[in-house]
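Engineer: give me a 3D structure for the following:
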Amino acid sequence: MRDGVNGVALGVFVLFFLAVTVMGFMAARWRKAENEASLDEWGLGGRSFGTWVTWFLLGGDLYTAYTFVAVPAAIYTAGAAGFFAVPYTILVYPLIFTFLPRLWSVSHRHGYVTTSDFVRGRFGSKGLSLAVAVTGILATMPYIALQLVGIQAVLDVMGVGGGENTHWFVKDLPLLLAFAVLAAYTYSSGLRAPALIAFVKDGLIYLVIAVAVVYIPVELGGFHDIFAAAQEKFAGPPGGKPTGSLAPAESGQWAYATLALGSALALFMYPHSITATLSSRSRNVIRRNTTILPLYSLMLGLLALLGFMAIAAGIEVENGQLAIPQLFEDMFPDWFAGVAFAAIGIGALVPAAIMSIAAANLFTRNVYKDFLRPDATPEQETRVSKLVSLLVKVGALAFVLTMDKTVAINFQLLGGIWILQTMPALVGGLFTRWFHRWALLSGWAVGMVYGTVAAYGVASPTQAHFGGSSAEIPGIGEIGYIGLTAFVLNVVVTVALTLVLNALKAPAGTDETSPADYTADAGDPDVAAEPPPAVPEPPSATAAPGAGH
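Structural biologist: Predicted structure coming up:
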């Protein structure tokens, strides 16, 4: 590891950082709207993005500093078990092709900004809407923190901030400055800033990975030597316990498969994924994007191999999240190491901006407006959302500065357990009104409690609690992803209580949507009508739920 500051790499990094900062502030003038004081404009970019902007925005949203740092770090530490991210990004696209266009259509028809808006309108339940909103905010916070950890990992490898004995303010000043810039242009430009910067971010990532998977193996003697070095490391010392494997062991296959499946189900439950989706201008833009986004999965598979390359290059770090930045510094010329560091840093800024906007929109629409200020004007909503986006970033920054960096990924996985529990209400509601609102809320509560308690009981070498996301599956005895087990319990409780509550004719709430809303496109009649068509009241307060759409 190099002593001192890598001046050349730092100079290139700063150059790119300044460029995207300027772009972030200039984005406020990009596709400028007549009325900027609305969440549609600040929080969804005016719902105006076409296929390519949406593709880069979704890519920048889903392939983050976690992708660039934590996925190869998991492979560097434990071997092929870290590849779970590759199959889950393959599974997710056919899944979202079935429901994202429906969500876009109904949201466009009724002006929904968040998933909680849809849940409230579909099931007539502010309580269920609040549960979805709070879950989204809680799940997003550690995800934002992980992006800041990615920036900090790059700064550490470049030698910025001094050593461990440096005063905390001096050591963390570069991260504080990066945070301040991110907060400023997000506040000013809203979703347009990360949408514009995403072009630079994705271009850099593709460039760095293309160079890395060719240049580094050549320098290390080829993939045969790389895999041989990884196998030797994972075998452990003679007579000792293996530390990992090149392929998941039979005992770990349940954990691998359930984590991949559960992560695929959860990915587009995150508020930032939905925010990027709703910013597009038509239903067909979403459909096209679900067919071309798998290109990112190819990139992810190549990126994951960097974990094995770090082993073969002899990278030794206590924190696995530093392995890939250190690999880049050791293997690349200084100037290109700066390009690679810029790709990671910008790869953190783009999703962090989108995530903070999404969390702020949830609070504004589904807490502030629904419960605190029902008569809030669009201008007031936008102002509150801007302020909350700052507070969300501050919370994530506090997490990074006060907690061990090695736990960031575990808390992000805990967020995945939580956000998966919103799937029955969101995806179920897009296809049927059969589920009862009280049953959905009860199922959500069971899933949240079980998932949190089970994760609390998982220990790791660095954490006594919340040390991982896998535990024994009740009734099966295999180790599996806690989030998927909690989701199954959630669905079982929801279905069972729905049968009971429907039989008792419990009040089902009013559905303000209609079947035509779920297939409407931007050019269809009445799509932009304000207010939306009136929905007739059911014959009685205890009417059974409407037919599924």
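Engineer: what number of residues lie near residue 333?
Structural biologist: 11 (other C-beta atoms under 10 Å). (Each C-beta comes from the backbone N, C-alpha and C, glycine too.)
Engineer: which element is the nearest residue in space to residue 441 that is not next to it in sequence on?
Structural biologist: In space, and not counting its chain neighbours, residue 441 is closest to residue 128: 4.9 Å by C-beta to C-beta, 6 or more residues apart in numbering. Element membership of residue 128 [criterion: DSSP states H and E] is helix 126-158.
Engineer: buried ones in that helix?
Structural biologist: Residues of helix 126-158 classed as buried: 126, 128-137, 139-158 (neighbour count, 16 or more other C-beta atoms under 10 Å).
Engineer: got the contact list for the closest residue to residue 68 other than its chain neighbours?
Structural biologist: Computed as C-beta to C-beta, 6+ apart, the closest residue to residue 68 that is not its neighbour in sequence is residue 344, at 4.9 Å. For residue 344, the contacting residues are 65, 68-69, 150-151, 153-154, 324-325, by C-beta atoms under 8 Å, 6 or more residues apart in numbering.
Engineer: at 7 Å instead, please
Structural biologist: 65, 68-69, 150, 154, 325 (C-beta atoms under 7 Å, 6 or more residues apart in numbering).
Engineer: for stretch 147-156, C-alpha coordinates in CSV please.
Structural biologist: Extracted in CSV, the C-alpha atoms of stretch 147-156 (Å, rounded to 0.1, in the frame of the first residue of the first chain):
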residue,chain,number,x,y,z
GLN,A,147,-22.7,4.9,-0.9
LEU,A,148,-20.9,7.2,1.4
VAL,A,149,-18.8,4.3,2.6
GLY,A,150,-17.8,3.7,-1.0
ILE,A,151,-16.6,7.3,-1.3
GLN,A,152,-14.7,7.0,1.9
ALA,A,153,-13.0,3.8,0.7
VAL,A,154,-11.7,5.6,-2.3
LEU,A,155,-10.5,8.5,-0.2
ASP,A,156,-8.7,6.2,2.2
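Engineer: gap between that stretch and the chain center?
Structural biologist: Distance of stretch 147-156 from its chain centroid, counting by C-alpha atoms, centre = their mean, to the nearest Å, is 17 Å.
Engineer: for stretch 292-303, C-alpha coordinates in CSV please.
Structural biologist: Taking Å, rounded to 0.1, in the frame of the first residue of the first chain, the C-alpha atoms of stretch 292-303 are listed here in CSV:
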residue,chain,number,x,y,z
ILE,A,292,-32.2,-3.6,-22.1
LEU,A,293,-31.3,-3.3,-18.4
PRO,A,294,-29.9,-6.9,-18.4
LEU,A,295,-26.9,-5.5,-20.1
TYR,A,296,-25.9,-4.3,-16.6
SER,A,297,-25.9,-7.9,-15.4
LEU,A,298,-23.2,-8.7,-17.9
MET,A,299,-21.2,-5.9,-16.4
LEU,A,300,-21.9,-7.1,-12.9
GLY,A,301,-20.6,-10.6,-13.6
LEU,A,302,-17.3,-9.1,-14.9
LEU,A,303,-17.1,-6.7,-12.0
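Engineer: go through it and flag the buried ones.
Structural biologist: 293, 296-297, 299-301, 303.
Engineer: got a list of contacts for it?
Structural biologist: By C-beta under 7 Å, 6+ apart, stretch 292-303 touches 55, 58-59, 63, 67-68, 71-72, 85-86, 89-90, 93, 206, 209, 213.
Engineer: which strand or helix spans residue 520?
Structural biologist: Counting by DSSP H and E, residue 520 is part of no helix or strand.
Engineer: what mean pLDDT does stretch 92-99 get?
Structural biologist: When pLDDT is averaged over stretch 92-99, the result is 91.
Engineer: against residue 118, how distant is the residue nearest to residue 441?
Structural biologist: Separation of residue 128 from residue 118 (C-beta to C-beta, to the nearest Å) stands at 11 Å.
Engineer: same question for residue 13.
Structural biologist: For residue 13 relative to residue 118 (C-beta to C-beta), the value is 41 Å.
Engineer: next: residue 376.
Structural biologist: 19 Å.
Engineer: who's more crowded, those two?
Structural biologist: Neighbour tally, residue 376 and residue 118, criterion other C-beta under 10 Å: the higher count belongs to residue 118, 25 against 17.
Engineer: identify the residue nearest the more buried one in space, chain neighbours excluded?
Structural biologist: Leaving aside its sequence neighbours, residue 118 sits nearest to residue 112 (C-beta to C-beta, 6+ apart; 4.9 Å).
Engineer: the one you found: neighbouring residues, count only.
Structural biologist: Quick note: residue 112 (other C-beta under 10 Å) scores 22 neighbours.
Engineer: residue 434 too?
Structural biologist: Neighbours of residue 434 (other C-beta under 10 Å): 18.
Engineer: mind checking what secondary structure it has?
Structural biologist: coil (DSSP: H, G, I helix; E, B strand; the rest coil).
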